[in-house]
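Kindly return the folded structure for what I paste below:
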Amino acid sequence: MSTETSSQLGSSLLATIMADESYRPSEPASLKETGLPVSLIESLLIKRLAVVGTTSGRQLANDLCLPFPTLEGLYQNLRARQIIVHSGSAPLNDYNYVLTETGRDRAAAATQICSYVGPAPVPLMDYVLSAEAQTIRAESPKRSQLKAAFKDISINESLFESLGPAINSGAGLFLYGEPGNGKSTLAQRITQCFGHEIWVPYAIFEDGQIIKFFDAAYHQRGNDDTNSLLIDAAFDKRWVKIRRPTVVVGGELTMDSLEIRHDPNSNVSEASLQMKSNCGCLLVDDFGRQQIEPQELLNRWIVPLEGRIDFLTLASGKKIQVPFEQLIIFSTNLEPADLVDEAFLRRIPYKIEITDPTPEEFHDLFQIYCNRFDCEYRPEVVDYLLSTHFLGCGRRLRRCHPRDLLNQIRNFCVYNDLQMEIRPEYFDRVVKSYFTAVLNQPGTAANSVTAPPQPPSNKPVAPASIASPQAPSPQQRTPQAIAAAKPPAQQPAASTNHAPAARVTKPAQPNPAQAKAIGTPPQPQRPATVQQQPQVAAAQQVPSQLAPRQPVPPTPEPAVRKTIISSPPVIPPSAPSAPPQPTR
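This next block holds a predicted model:
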């Protein structure tokens, strides 16, 4: 009687456990039931043993997430081939194992082929069946479940009327509105409306490739029920029980993250974002501000949204078909019609606008966050904040303002060792630091225009060795003024023993490079009155009032001083030669 009663209790317990689950992976009874090649399991085992050095057979089975009885035959096979040996006995009729020299060589070769070390993967077909059995469309949340998911945030009743049918549809959803009104928070809470937990694999195996699936950044483990021996033996430990995932991506989203990413160094692949979000929600936050164009992203998802399947490419080039079973949510501050065309909007049947909160909702939000910050809610102080810093100055309300302002008040109170409370003077202080100052108000210091610093003058400074009058300004540099200021030395002269005879009435003007070198701006050209002598000497090309004085070397015979017409190229005047030294 007692045995029959125990059997009935066990059956009822199993029925209760299985009642809330649409899929539960069964534990494999042999290596064949794992669906994996024996060579793959063998390589995983010896690579793990190469990492840990020595360990027991049961611990190796736990590391590979496979039942110990299914690996006992593989241990004996490896021992017979001199790949592993016993290094001692272990509890529960077990042994400790270590690699031999041949085993270490095989482990090194296997690591070069694929460096994955971890739980054994599951076949791709097993994952496809699990995603279809645990689809989010199989659940239909009711109003009570929505209120339970949004119990700690403020949601008006009209929004519940729009969100409920959209969530039950399991199709796409567009949330748009002004920033700071809780679109991202709302999208993350939608997943909590679906109460059941799901099973996902640690890794997937297909066409010789290992694809890592479980990601702790997006997958949160569910209730740990492995303490029960009955439950511990009832499921395949290559799978992990998690809450329905919510994958949130923002401006960092690229097209590569929507494909299976392969690392050529380790020869291990990573599942795409839409695979990781299967049976949950995929939130594309700040849609329209990604590194890729919105049209390119939407074209990538038009077929999956229509047929609920996606096609991905492995590193080997093989195309695989995977389910596209998630509630995809687009959150944006822009108008949806400005981002996408009508064809895509037709595939996103629900577009919900998140509006600004009313003053009553603002009070409700302050009451919620005052309880979180452990301070007293004072409605008269919130009324002062609304009349002084919002309604009085035309500032719009946002659902993030109560949380952010209270957070700044708490920081101020902690810094000054004060009790956390809301007071008008506290709000006056934090509002100045929270809201962006308007810099273009008339009369403010930020709007005053100060004269920019003047650049340094471009007027050349005459060298000390140049004894010339001050250079005229650009307005005074007329041909008449230049002709009047021309020194007598440049007028045509008959002949002299001290100055060369000039054959032109118009001296060649220095080019800009020469004028910059001697520190004088270039002079304007004057029309020549006599036929210009080509290729005059370099000393004659610079007017006497601009050319620096050169020391006159002693000349024993004045007769040698003649006018020399140089040939091209023009050679600048050379330094004076040293006087001849007297001989002893």
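
what's the next secondary structure element after whatever helix or strand residue 39 lives in?
Using DSSP states H and E, residue 39 maps to helix 38-52. Per DSSP H and E, the first helix or strand lying C-terminal to helix 38-52 is strand 54-56.

buried set for the helix holding residue 39?
40, 41, 42, 43, 44, 45, 46, 47, 48, 49, 50 (16 or more other C-beta atoms under 10 Å). Using the backbone N, CA and C atoms, a C-beta is placed for each residue, glycine as well.

repeat for stretch 248-265
248, 249, 253, 258, 259, 260, 262.

got the buried residues of helix 38-52 as a markdown table, with pLDDT columns?
Formatted as a markdown table, the buried residues of helix 38-52 follow (pLDDT from 0 to 100):
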| residue | pLDDT |
| --- | --- |
| 40 | 95 |
| 41 | 95 |
| 42 | 95 |
| 43 | 95 |
| 44 | 95 |
| 45 | 95 |
| 46 | 95 |
| 47 | 95 |
| 48 | 95 |
| 49 | 94 |
| 50 | 94 |
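
Only alpha carbons, please: show the helix or strand containing residue 184 as PDB.
Here residue 184 sits within helix 183-190, counting by DSSP H and E. Only the C-alpha atoms of helix 183-190 are listed here, as PDB (Å, rounded to 0.1, in the frame of the first residue of the first chain):
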ATOM      1  CA  LYS A 183       9.700  53.500 -23.700                       C
ATOM      2  CA  SER A 184      12.700  51.300 -23.000                       C
ATOM      3  CA  THR A 185      11.400  50.400 -19.500                       C
ATOM      4  CA  LEU A 186       8.000  49.600 -20.900                       C
ATOM      5  CA  ALA A 187       9.500  47.300 -23.500                       C
ATOM      6  CA  GLN A 188      11.600  45.400 -21.000                       C
ATOM      7  CA  ARG A 189       8.500  44.900 -18.700                       C
ATOM      8  CA  ILE A 190       6.500  43.400 -21.600                       C
END
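
contact partners of that helix?
149-150, 153, 155, 163, 167, 175-177, 246, 248, 281, 283, 285, 327, 329, 331, 354 (C-beta atoms under 8 Å, 6 or more residues apart in numbering).

same question, stretch 29-37
28, 38, 41, 66-67, 70-71, 73-74, 120-123, 125-126, 205, 238.

try stretch 200-219
Against stretch 200-219 from outside (C-beta under 8 Å, 6+ apart): 35-36, 40, 65, 114, 116, 118-124, 126-127, 130, 238-240, 242, 245-247, 260, 262, 268-271, 275-277, 279, 314-316, 318, 320.

What ranges in this structure fall below the confidence cut-off?
Applying pLDDT under 70 to the chain picks out residues 1-21, 224-233, 436-584.

can I see the domain layout of it?
22-120, 129-354, 359-434 (automatic domain parsing).

Figure out the length between the terminal residues of the last one.
The first residue of domain 359-434 is 20 Å away from its last residue (C-alpha to C-alpha, to the nearest Å).

And stretch 347-359, what's buried?
Those would be 347, 348, 350, 351, 352, 354, 357, for stretch 347-359 by 16+ other C-beta under 10 Å.

and if you look at stretch 173-186?
Buried, per 16+ other C-beta under 10 Å, within stretch 173-186: 173, 174, 175, 176, 177, 180, 181, 182, 183, 184, 186.

Pretty sure the first one sits against residue 330.
Yes: the criterion here is C-beta atoms under 8 Å, and residue 173 meets it with residue 330 at 7.2 Å.

one step back: name the next helix or strand downstream of the helix holding residue 184, please.
Later in the chain than helix 183-190, the nearest helix or strand by DSSP H and E is strand 198-201.

Just checking: what are the partner strands of that next one?
strand 239-242 (antiparallel) (DSSP bridges).

circling back: filter the contacts of helix 183-190 to the buried ones?
By 16+ other C-beta under 10 Å, these give 149-150, 155, 163, 167, 175-177, 246, 248, 281, 283, 285, 327, 329, 331, 354 as buried.

Let's see which of the residues you listed end up in helices.
Taking DSSP state H as the definition of helices, the buried ones among the contacts of helix 183-190 contribute 149, 163, 167.

This completes my enquiry, with thanks.
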